[in-house]
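1. give me a 3D structure for the following:
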Amino acid sequence: MRNSFGLQTKRCNGWLTRAIPQPRTFGGKPGEPVPEVDAEDLKAVWQVQCEIEAQRPGQPAAIGLELMACVCTPRANVAAVFYRISMLTLLTYFAPDKLSP
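-> Residues are numbered from 1 along each chain as shown. Here you go, the predicted structure:
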């Protein structure tokens, strides 16, 4: 097993020594506000998410942008709806006491 780390690095084409690419930005630029969304779009996506979670209790569930687009209004900024729903979902897990009933 002598020098196994070096052998593993060679087998992986030296991926450990490669430059790490910058992460992709999500939607806008850091510091820019997230675009406004229609509350009805948020409610529609939240409802679908709750229905899917109810069908799979105790299991992680997620919905894709295509499904979100189907339940949102035609002109909805689906990426902004996704971002806001994601933040609300995090709040339900980590700070449920901060949300109104």
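2. now stretch 51-62: mean pLDDT?
-> Averaged across stretch 51-62, pLDDT comes to 86.
3. what comes up buried for that stretch?
-> Glu53 (16 or more other Cβ atoms under 10 Å). From N, CA and C alone the C-beta is placed, and that goes for glycine too.
4. how about stretch 63-70?
-> If you call a residue buried by 16+ other Cβ under 10 Å, then stretch 63-70 has these buried ones: 63, 68-69.
5. contacts for that stretch, please.
-> 45, 48-49, 52, 76, 78-79, 81-82, 85 (Cβ atoms under 8 Å, 6 or more residues apart in numbering).
6. at 6 Å instead, please
-> Taking contacts as Cβ atoms under 6 Å, 6 or more residues apart in numbering, the residues outside stretch 63-70 that touch it are 45, 49, 78.
7. coming back round to it: secondary structure and distance to Leu91 for the buried residues of stretch 63-70 - can I get that in a markdown table?
-> Compiled in a markdown table, the buried residues of stretch 63-70 are given as follows (DSSP: H, G, I helix; E, B strand; the rest coil; distance: Cβ to Cβ, whole Å):
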| residue | secondary structure | distance to Leu91 |
| --- | --- | --- |
| Ile63 | coil | 18 |
| Met68 | helix | 18 |
| Ala69 | helix | 23 |
